[in-house]
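Visitor: Dropping the sequence and predicted coords here.
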Amino acid sequence: MQAEHGGDLAVFCQQYGFRQNEVLDFSSNLNWFLDEIDDATWLRLKAAAGVYGQAGAGADGVVTKIADLYAYDKNQVLATAGSIEAIYLTAQLFRQRRILIGEPGFVDYRRAFRKSETRAWDLAIENEAALQWAEVVIFGSPNNPNGQRYPLAEWRRRWPGKIWLVDETFVDFSKQPPSAAQDQVIIYRSFTKSWSIPGLRLGFLLCSNQSWMEELRWLQAPWSVSALAQAWAGERLNQTEKERVDRAIEHQIRERDRLMESLRGFSGLRVHDSDANFFLIELLQGSAAELWQSLAKKSLLTRKVDDFGNLTKDRFLRLTVRSFEDNENLIKGLRDYFDQ
């Protein structure tokens, strides 16, 4: 069984009778302020769909582009089919280890490590016993679904000897800098969200342990980074494009802060702080399922979060930040629900 994810427009439209261009998708955590890839670019890239591309682990050309873009050591970078592949590769690397999974957290952590002995760790509560038991700890920062950053450096000092797997898929939206390569740590990064290319599937992991990197390269399937993703990286992964992405993210962060402040005016809601391009709303009265349904009927797709651990059921929804006009439609939908 696949884990539940946001952005399933086809199923939503089938259920509610909308066309996809009629739906405002607040369930998919993309950079909605970035322009779509233009037709001229697609015409230049389309030839890549008819070839294999580089079969080497992570596509060496893409690794070089990533290393140059972020000033990383090339030997510490492995290009992957989104951060999701990086998570599943490390699950193979640390198979049979004692895994501590931060919750609430991305639902695929538990699915990836299903063949290991696992326990859940409430990220909001220090759990000395669980951390002493664990060999490997995995969590998101900013975390999905609550958008929180967590103090990796402090936790490493307090609980030495652990292997830390830190999912920084949403770090580009954070006001804090991303983590650097460091001992006993693997960092997951992605272009899916910030560069808004979910269909191309491109990300990477950052790791300074060369024995782990060698094993991860052996574990990775050939051509997992497609020729089309490689061609896109060759054209787009440069400082000029990064500056364009960063400007779009700055707009999204400003709109996030405005939207969160607007929703704090609703007496029936608690808006949780976030360091990502999404945030949680908590209902202080009523049912999150009923709110979701009310918004859905208005072609507003939000993210149910009952499949995340350590969240009270039927109390939370996750909202992605879209444009001012789209967000105003969301605010109206929420006002209609709470005023009825």
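Guide: Received it, and whenever you're ready, just let me know what you need.

Visitor: Would you mind listing the buried residues in stretch 107-117?
Guide: Of the residues in stretch 107-117, 107-110, 112-113, 116 count as buried by neighbour count, 16 or more other Cβ atoms under 10 Å. For glycine as for every other residue, the C-beta is placed from the backbone atoms N, C-alpha and C.

Visitor: quick check, nearest of those to I187?
Guide: Y109 (14.7 Å; Cβ to Cβ).

Visitor: what's in contact with the host helix or strand of the closest one?
Guide: Applying DSSP states H and E as the criterion places Y109 in helix 108-112. With contact meaning Cβ atoms under 8 Å, 6 or more residues apart in numbering, helix 108-112 is reached by 3, 84, 87-88, 90-91, 101-102, 118, 138, 167, 309.

Visitor: Of those, grab the buried ones for ChimeraX.
Guide: In ChimeraX syntax, the buried subset of the contacts of helix 108-112 is picked out as below (16+ other Cβ under 10 Å):
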select :84,87,88,90,91,101,102,118,138,167
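
Visitor: would TSV of the contacts of helix 108-112 with secondary structure, distance to A296 and pLDDT be doable?
Guide: Rendered in TSV, the data for those read as follows (DSSP: H, G, I helix; E, B strand; the rest coil; distance: Cβ to Cβ, whole Å; pLDDT from 0 to 100):
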residue	secondary structure	distance to A296	pLDDT
A3	coil	21	61
I84	helix	26	96
I87	helix	30	98
Y88	helix	31	97
T90	helix	36	98
A91	helix	34	97
I101	strand	30	97
G102	strand	30	96
T118	strand	33	94
I138	strand	32	98
D167	strand	29	98
G309	coil	24	88
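
Visitor: which one of the contacts of helix 108-112 sits closest to F278?
Guide: The closest of the contacts of helix 108-112, once distances to F278 are taken by Cβ to Cβ, is D167, at 14.3 Å.

Visitor: Quick one: residues contacting the closest one.
Guide: 83, 87, 106, 109, 138-141, 143-144, 188.

Visitor: what do you get for S274?
Guide: 142, 146-148, 256, 260, 280.

Visitor: Kind regards, and thank you for your time.
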